[in-house]
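[1] Just a sequence and a predicted model for now, questions to come.
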Amino acid sequence: MSGLPSLSEPEALAIARAVRRVSRALDSELTPEFVFSAIAGLSVPHFHQHVFVRPFGAPSSLSWNDVDSWDDAPRVGEAELALLCGRISASFEPEH
């Protein structure tokens, strides 16, 4: 696969469903100001998509994707992250 244009329709739909599920889970779990998504990949032909949050209180001087340089950004430890991932993974259980 060389990127977004090469996705089949079923692949694109599966990705869209996954992004929707994880973005809703992140919104529910973290109540961020925004949930963003970005598709990137420059050096090697491939496809990957990021879904990430912008927490409330992030300074407006930070670009939409640069909360890592915010010293007072909310952080989670390894154990809390593992629990969060477990809760988010439940959003991928089959829908009824």
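    Everything's here; your move.
[2] ok, longest helix in the protein?
    Secondary structure of the chain per DSSP state H: the longest helix is helix 9-30.
[3] Taking helix 9-30 as reference, get the angle to the helix or strand just after that one.
    Next helix or strand after helix 9-30 toward the C-terminus (DSSP states H and E): strand 34-40. Angle, strand 34-40 to helix 9-30, by axes from the mean of the first three to the mean of the last three CA atoms, to 10 degrees: 150 degrees.
[4] begin at 28 from here
    Will do, 28 is the new start, and the previous item becomes strand 61-67.
[5] Check which helices and strands strand 61-67 sits against.
    Contacts defined by 3 or more CB pairs under 8 Å, 6 or more residues apart in numbering; DSSP states H and E place strand 61-67 against helix 36-57, strand 75-81. In this view, the C-beta of every residue, glycine as well, is placed from N, C-alpha and C.
[6] Tell me which of the ones you listed sits nearest to Cys112.
    Minimum separation from Cys112 across the helices and strands packed on strand 61-67 (CB to CB) falls at helix 36-57, 10.1 Å.
[7] List the buried residues for that closest one?
    Within helix 36-57, the residues that count as buried by 16 or more other CB atoms under 10 Å are Ile42, Val46, Arg48, Val49, Ser50, Ala52, Leu53, Leu57.
[8] export those to CSV and tack on distance to Glu120?
    Shown next, in CSV, are these (distance: CB to CB, whole Å):
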residue, distance to Glu120
Ile42, 18
Val46, 16
Arg48, 10
Val49, 13
Ser50, 16
Ala52, 11
Leu53, 16
Leu57, 20
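[9] from those, which is closest to Phe63?
    So of the buried residues of helix 36-57, ranked by how close each gets to Phe63 (CB to CB), first place is Ser50, at 8.7 Å.
[10] Need the distance between the two termini of stretch 76-90.
    Counting by CA to CA, to the nearest Å, you get 19 Å between the two ends of stretch 76-90.
[11] Now do it: everything it contacts.
    42, 46, 49-50, 53-54, 57-67, 91-92, 94, 96-97, 99-101 (CB atoms under 8 Å, 6 or more residues apart in numbering).
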